[in-house]
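J.: sequence first, then the predicted structure:
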Amino acid sequence: MEKNLKFSMLLPYPAPEPIERLFRLVERMQNYPIDSIWLPDHLLMYPKGYCPDVWSIISALAVKTH
């Protein structure tokens, strides 16, 4: 039985840097065998309940990648 190994990456979001840095990171990741990316979406993970809308970020990343 053949098993395929898959790789994922948890992105550093929300990052203190501008969102363009996250776009550049994801564009570079396309050169590697990464099958999926993950973004945290939980209000309790960040100080003061700060967690931007992850679905908008994922949509923006999808437009910038292939």
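T.: Received the coordinates, thanks. Numbering: from 1, shown residues only.
J.: show me the strands in this protein, by range?
T.: 8-10, 36-38 (DSSP state E).
J.: dump the ones you listed to a markdown table, plus mean pLDDT and mean neighbour count.
T.: In short, each C-beta sits where N, CA and C put it, glycine included. Putting those into a markdown table (pLDDT from 0 to 100; neighbours: other Cβ atoms under 10 Å) gives the following:
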| stretch | mean pLDDT | mean neighbour count |
| --- | --- | --- |
| strand 8-10 | 86 | 11 |
| strand 36-38 | 86 | 12 |
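J.: can the ones you listed go into a markdown table with extra columns for distance to residue 23?
T.: Listed next are those as a markdown table, based on distance: least, Cβ to Cβ, whole Å:
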| stretch | distance to residue 23 |
| --- | --- |
| strand 8-10 | 14 |
| strand 36-38 | 12 |
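J.: of all those strands, which one is nearest residue 19?
T.: Counting by Cβ to Cβ, residue 19 lies closest to strand 36-38 out of the strands of the chain; the figure is 14.4 Å.
J.: note down every partner strand of that closest one and its orientation.
T.: strand 8-10 (parallel) (DSSP bridges).
J.: give me every residue that touches the residue nearest the centre of the chain.
T.: Note on the chain: the residue nearest the mean C-alpha position is residue 11, at 4.0 Å, using Cα atoms, centre = their mean. By Cβ atoms under 8 Å, 6 or more residues apart in numbering, the contact set of residue 11 is 22, 25-26, 37-39.
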